[in-house]
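Enquirer: model the following, please.
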Amino acid sequence: MPETHTPDTHVSTQPPVTVLGLGLMGSALASAFLKAGHPTTVWNRTAARTGPLVAQGATPAGTPAEAIAASPLTVVCLTAYDDVSAVLTPLTSTLTGRTLVNVTNGTPVQARKFAAWAEEHGIAYVDGGIMAVPQMIATPAAYVLYSGSQEAYDKHRTTLSALGGTRWTGTDPGLAALYDLSLLTGMYGMVMGVVQSYALIRSEGISARELAPLLTDWLNAMTAGLVPHTAEAVDSGRHLTDVSSIAANQAAFPNLLHTFADQGVRADLFEPMRQLLDRALAEGHVADGLSRLVDLLAEPR
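Expert: Here you go, the predicted model:
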């Protein structure tokens, strides 16, 4: 008898999801949903970018409206909020009654305005901040911050967990962006220090590779204590220190700036720190620790 093949009639029991925007991050998100078994519809302004995901099993949509109509949950990952508005504002009737999770990088003010627009049109809105690079998505190291409609978040949390850890920040739609940008601020501050240190060491022809292990160990040791201890001082208002006072730092900091100048390294990244230390000393915070600088950075509202 001839061999017969039974057709594969497997139907996924996972909820469907739509992803709008297939840059590096959007593609990583869509791929993660597919790997978790979610029927995934994808759309991108440049249609050719859907190809690799279609090869993984995604369904391409010809228009954003077609993509949104395919799923109760739409995740949008575009370049900027202006792009999100341009794509979604004409589609309110399609989005009404559905959930929109916007992980496009933006500000708290933008998130709140967009949430108000969504609420006005009966769209359940969740804002998100991705704390990962594309290669980290769906690994234990990745997590996404969420805020906005808690009902929508709770309903779709299991689906969203395909991307990594899920961390709820509150019903204020702007909080995910606020946490996201606060974390990125810490990262960029570290990046500024790292690039400045490499510029300085290279001024004598010493390779960055030679400094890297020492710098890694030093930063790890410093941040392990600095981050929680500074948080405690900031929240308690107790800034007095027996470790490293503002007076001591203000006196020593010019050595950095003078060395940068002597070695032919620009001080653009570090000059603002000198100004802040000078101001702290002028305002009488001589014996306080560097945690006091947090108060000096606050603008009156």
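Enquirer: state which strand of this structure is the longest.
Expert: Looking across the chain with DSSP state E, the single longest strand is strand 124-131.
Enquirer: list the neighbouring strands of it plus their orientation.
Expert: strand 99-102 (parallel), strand 143-148 (antiparallel) (DSSP bridges).
Enquirer: could the ones you listed go into a markdown table alongside mean neighbour count?
Expert: Bear in mind the C-beta positions are built from the backbone N, C-alpha and C, glycine included. Formatted as a markdown table, these follow (neighbours: other Cβ atoms under 10 Å):
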| stretch | mean neighbour count |
| --- | --- |
| strand 99-102 | 26 |
| strand 143-148 | 25 |
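Enquirer: in a markdown table: those strands, plus mean pLDDT and distance to residue 219.
Expert: Shown next, in a markdown table, are these (pLDDT from 0 to 100; distance: least, Cβ to Cβ, whole Å):
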| stretch | mean pLDDT | distance to residue 219 |
| --- | --- | --- |
| strand 99-102 | 98 | 33 |
| strand 143-148 | 98 | 22 |
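Enquirer: and those as TSV, adding distance to residue 235?
Expert: Below are these laid out as TSV (distance: least, Cβ to Cβ, whole Å):
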stretch	distance to residue 235
strand 99-102	30
strand 143-148	20
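Enquirer: out of those, which is closest to residue 159?
Expert: Closest to residue 159 of the strands paired with strand 124-131, according to Cβ to Cβ: strand 99-102, at 9.3 Å.
Enquirer: next SSE after that closest one?
Expert: Per DSSP states H and E, strand 99-102 leads on to helix 108-120 as the next helix or strand towards the C-terminus.
Enquirer: how deep is the residue nearest to residue 27 when sequence neighbours are not counted tucked in, by neighbour count?
Expert: The shortest distance from residue 27 to any residue other than its chain neighbours is 6.4 Å, reached at residue 53 (Cβ to Cβ, 6 or more residues apart in numbering). When counting by other Cβ atoms under 10 Å, one arrives at 23 neighbours for residue 53.
Enquirer: and the gap between residue 53 and residue 33?
Expert: Distance, residue 53 to residue 33, using Cβ to Cβ, to the nearest Å: 10 Å.
Enquirer: anything in contact with each of these two?
Expert: Common neighbours of residue 53 and residue 33 are listed as residue 40 (criterion: Cβ atoms under 8 Å, 6 or more residues apart in numbering).
Enquirer: about what we covered before: for the residue nearest to residue 27, what are its contacts?
Expert: Residues in contact with residue 53 (Cβ under 8 Å, 6+ apart) are 22, 27, 30, 31, 34, 40, 42, 60.
Enquirer: for residue 140, give its distance to residue 164.
Expert: Distance, residue 140 to residue 164, by Cβ to Cβ: 8 Å.
Enquirer: the two: which has the busier surroundings?
Expert: residue 164 (21 against 8).
Enquirer: okay, that one: pLDDT?
Expert: On pLDDT, residue 164 comes in at 97.
Enquirer: that one against residue 135, yeah?
Expert: No - checked against Cβ atoms under 8 Å, the pair residue 164 and residue 135 is beyond contact range at 11.8 Å.
Enquirer: so which helix or strand takes in the residue lying closest to residue 297 once chain neighbours are set aside?
Expert: Spatial nearest neighbour of residue 297, excluding adjacent residues (Cβ to Cβ, 6+ apart): residue 276 at 7.6 Å. Of the helices and strands defined by DSSP H and E, residue 276 is found in helix 271-282.
Enquirer: against which helices or strands is that helix packed?
Expert: Under the contact criterion of 3 or more Cβ pairs under 8 Å, 6 or more residues apart in numbering; DSSP states H and E, helix 271-282 touches helix 246-262, helix 293-296.
Enquirer: what sits up against the shortest one?
Expert: The reference is to helix 293-296. Helix 293-296 is contacted by residues 230, 234, 246, 276, 277, 279, 280, 283 when judged by Cβ under 8 Å, 6+ apart.
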